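In: Fold the following.
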Amino acid sequence: MTFHVDVLDEEHGICVRDTVEGEQFPLYTDRAVDPTPASTDGFTMPVDTAVAVEARELRMPTFANVIFWRDGEAIHRTESGAPTERLPQGTYEVDFSPPDAKLYVRVEDAAPTTRFDDGRSVLETEAATRVVLGIRSHHETPAGTVTTTEDPRDLMAAVSTFGSALKTHSPDRSWPTLRGHPPAIERGDTLDIPPEVAAPQTGVRIEVPPEYGAIYTVAPLVYYLGATVEPGSRPRIVAAGRSRDLCVDALTESVRSILEHVFTLDCAVRTAGVYPFRTTVVTALEERVELDYQRLFELPLAERTAEYLEIPRSATEGLFDWHYTADVEADSAYAPVLPYLLDDLALVRSPPRLASEADLTPSPNALQSTDGALARSASTAAPTLRSVVVPEDAGTPGHSWVAPGHAVRASNPTVGSFRRDLSASADDGALDVHVVFNDARLQQGDVSLFDSHPYRETDVRVSHDLSTAELREALYEDVDYFHFVGHVTDSGMMCPDGALDTRTLARTGVKAFFLNGCRSYEQGRALLTAGAAGGFVTVDDVADDDARSVGEMAATLLGVGFPLYGILDALELAGTPADRYTILGDGQSNVRQSHSNVSILHEFDTDAVRAASGAWPVSLHHYPHRKSGIGGMSAYSHTDTSSAVYDASVRETTLPQSALDEFFADSGIPVLVDGTVRLTDDLSVEQFR
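Out: Residues are numbered from 1 along each chain as shown. Predicted coordinates:
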């Protein structure tokens, strides 16, 4: 990993840049500092590099969980924004991690404490002292590539290597940073498994018939359990000499139930390890069943799995909400997508579950809004009839369709888009956004929404009425996010001198995009083929008012680090015509990291707020992805919510009156108010009264 540590220009402190991930974060100090290289020895947790500074205070740009270790044992963790009592004089290792990396602070012969000032977590010692900052990147890539043939038994051997990516076999693998990326899969003439990604010998195996659909469906469980998958006459799990049958007629549901069960138990049992802190999962589980966490934690994986399967499912039912499901065609051609889906621990349904197909044609409401504004199509001819796939509801907010057809309300990834999202070279500087307005009759919207991150720089460039040659050049340029506002037809993206058909592009420098015009699916698909990682497109005509509101919500949420699938779910919550929009590429990708490390949408109903006495009711919608993956920890600095394991739940809680001003003073928090996404920067308590 390559890190650069530079002194800040305008404030005291340093800026840490991860040039592999393209992420950076500031760390503020109470005085001028001169960072010097330091040894990585002496840290309990693994770090990639270390620097030393002398300071009395270290201030994070946002609220963060702070954990103190002494002699390798965790002794304290901040639970809220309340100050921490000063710890006794001694040597400590402090997990003081921002959203974009793991940061450990080693302090020697000091009495540290933490507090929460102006939306920032502060680590403080009584006097200025030398502290060593150890930094570890979140960057993950496959450790190797497995080649498999079309023989299902060879595919079983390939999938069995996925568990080699687990960094531990203890319950700590439920932490997202301790689950590595599974080996990549390529198809070839012979089976080839490099030694570095050989299947782990955990003693757990999963037996299924040698069929693509069954192998794909059990793959998430194979990965998380570090299991091998082997041919068998009936689906079952075998661990430590005991077996559990999987339902033949409902294999997907059976795999999901067991994965959720085991994962939930791990999230509780891991409290017997180096992170002994209670969460809502632990509290709820203890009300249902009595378990010896220490004994379970110390068991080998196979024995622990066998004991987990003896615990009634009712003990964990409803304690954890999964975030993502992928429908995958039961065909050997789709094997290469599995490692990328499982890197985010998505559930897999194979064969895909199709609810229906729909022929989308423009409706009168889509073609013309109430004030007479045109829809975003300049074509006077009858539009091409488009047939789209409507997947069966997966029961998760995120959904991918990896099968033939164009799916709505889901992401439509390709293997190439997964690989580009993973390996795209990142810029050390600001996020580069290019907004193109190519029809003066269409409302432009608020371009300041693209610059919504509270402490990350964004360069927003706005262009108007680009010609076909100019638009082609704009799509050739390297840009993080390209937003097109204008007309789109079957012929291409409309310009003053004609249409630019993106299917004629040999390449593109665009990473993410939003083609906010009617029926832009094919044009977006061409950008994906030309090298883009993904974005939003439409599958039918959309009225200008709808397109503008959707574009503004997407800009706001993209800017603060939401994944694409979270944005699509937020559109549904807001009541917008989300069935006309879909995602191309990986739905769990995002153009930048959230400033708080998690993506949470606070939903308020003003009628409920006005009727409330005391605390305001609020719904918290969670969207795990990538670096803030499922199984992490979420803490809440404003609401009456206990620390929880990060999942896709919707938590109903309250915002105390005493915290209102502080909540709205905090920058960059997305809020859904009566169907409109706003940021706390633009809201105040008075607007709710």
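In: Assess the claim that D393 and L354 are in contact.
Out: No: taking contacts as CB atoms under 8 Å, D393 lies outside contact range of L354: 11.5 Å. In this view, the C-beta of every residue, glycine as well, is placed from N, C-alpha and C.
In: between the two, which one's more packed in?
Out: Between D393 and L354, counted using other CB atoms under 10 Å, L354 has the larger neighbour count: 15 against 11.
In: OK, contacts around the more buried one?
Out: By CB atoms under 8 Å, 6 or more residues apart in numbering, L354 lies in contact with 389-392.
In: now these: which count as buried?
Out: By neighbour count, with 16 or more other CB atoms under 10 Å, these hold 389-391 as buried.
In: Tabulate those residues (JSON lines), appending pLDDT, secondary structure and distance to L683.
Out: Converted to JSON lines, the buried ones among the contacts of L354 look like this (pLDDT from 0 to 100; DSSP: H, G, I helix; E, B strand; the rest coil; distance: CB to CB, whole Å):
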{"residue": "V389", "pLDDT": "88", "secondary structure": "strand", "distance to L683": "38"}
{"residue": "V390", "pLDDT": "89", "secondary structure": "strand", "distance to L683": "36"}
{"residue": "P391", "pLDDT": "92", "secondary structure": "strand", "distance to L683": "35"}
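In: and which of those is nearest to W322?
Out: Within the buried ones among the contacts of L354, the smallest distance to W322 is 15.9 Å, found for P391 (CB to CB).
In: ok, that closest one - contacts?
Out: For P391, the residues meeting the contact criterion (CB under 8 Å, 6+ apart) are 327, 352-355, 399, 401, 407, 409-410.
In: Go through the residues you listed and say which is closest to S637.
Out: Comparing those against S637 with CB to CB places H399 closest, at 30.8 Å.
In: Compute the distance between that closest one and A410, please.
Out: Distance of H399 to A410, given as CB to CB, to the nearest Å: 4 Å.
In: So for these two, which residues contact both of them?
Out: Where contact means CB under 8 Å, 6+ apart, the residues bridging H399 and A410 through contact with each are 327, 391, 587.
In: any idea which helix or strand of the chain has the worst average confidence?
Out: Each helix and strand of the chain was given a mean pLDDT (mean pLDDT, DSSP states H and E); the minimum falls on helix 364-367 at a mean of 38.
In: who's in contact with the closest residue to N516 other than its chain neighbours?
Out: Nearest residue to N516 in three dimensions, chain neighbours excluded: G551, at 4.7 Å (CB to CB, 6 or more residues apart in numbering). For G551, the contacting residues are 445, 483, 485, 514, 516, taking CB under 8 Å, 6+ apart as the criterion.
In: In terms of pLDDT, where does G551 sit?
Out: As summarised for this prediction, G551 has a pLDDT of 87.
In: Give me the phi and psi angles of it.
Out: With angles defined as degrees, to the nearest 10, G551 sits at phi -60, psi -40.
In: likewise V435?
Out: Backbone dihedrals for V435, given as degrees, to the nearest 10, come out at phi -110, psi 130.
In: Check the gap between it and T458 for me.
Out: Distance of V435 to T458, computed by CB to CB: 11 Å.
In: Compare the two (neighbour count), which wins?
Out: V435 (23 against 18).
In: one step back: just the ones of the contacts of P391 in strands?
Out: Mapping the contacts of P391 onto strands (DSSP state E) picks out 327, 354-355, 399, 401.
In: So which of those residues is the closest to V16?
Out: Using CB to CB, the shortest approach to V16 within these belongs to H399, at 35.2 Å.
In: is the closest one in a bridge, and if so with what?
Out: Using DSSP bridges, the bridge partners assigned to H399 are T325.
In: from here on, count from 414
Out: Fine by me, first position is 414 from now on; the one you just mentioned is H812.
In: A663: neighbouring residues, count only.
Out: The criterion is other CB under 10 Å. On that basis, A663 has 11 neighbouring residues.
In: give me the beta-bridge partners of V1084?
Out: The partner list for V1084 in beta bridges (DSSP bridges) reads H1015, R1091.
In: next one: T558
Out: A597.
In: give the contact list for it.
Out: Contacts for T558 were tallied using CB under 8 Å, 6+ apart; they are 596-599, 607.
In: Tell me if I'm right that G937 and G930 touch.
Out: No: counting by CB under 8 Å, G937 does not reach G930; the two are 10.1 Å apart.
In: Could you tell me which ranges of the stretch 514-663 of the chain sit under the pLDDT cut-off?
Out: 514, 532, 550-553 (pLDDT under 70).
In: got the phi/psi numbers for A524?
Out: Per degrees, to the nearest 10, the residue geometry at A524, taken as phi and psi, is phi -120, psi 90.
In: my guess is Y737 contacts Y978, does it?
Out: Yes: here Y737 lies in contact with Y978, judged by CB under 8 Å, at a distance of 7.0 Å.
In: buried sites along the lengthiest strand in the chain?
Out: Counting residues, the longest strand in the chain under DSSP E turns out to be strand 533-550. When neighbours are counted by 16+ other CB under 10 Å, the buried residues of strand 533-550 are found to be 533-538, 542, 544-550.
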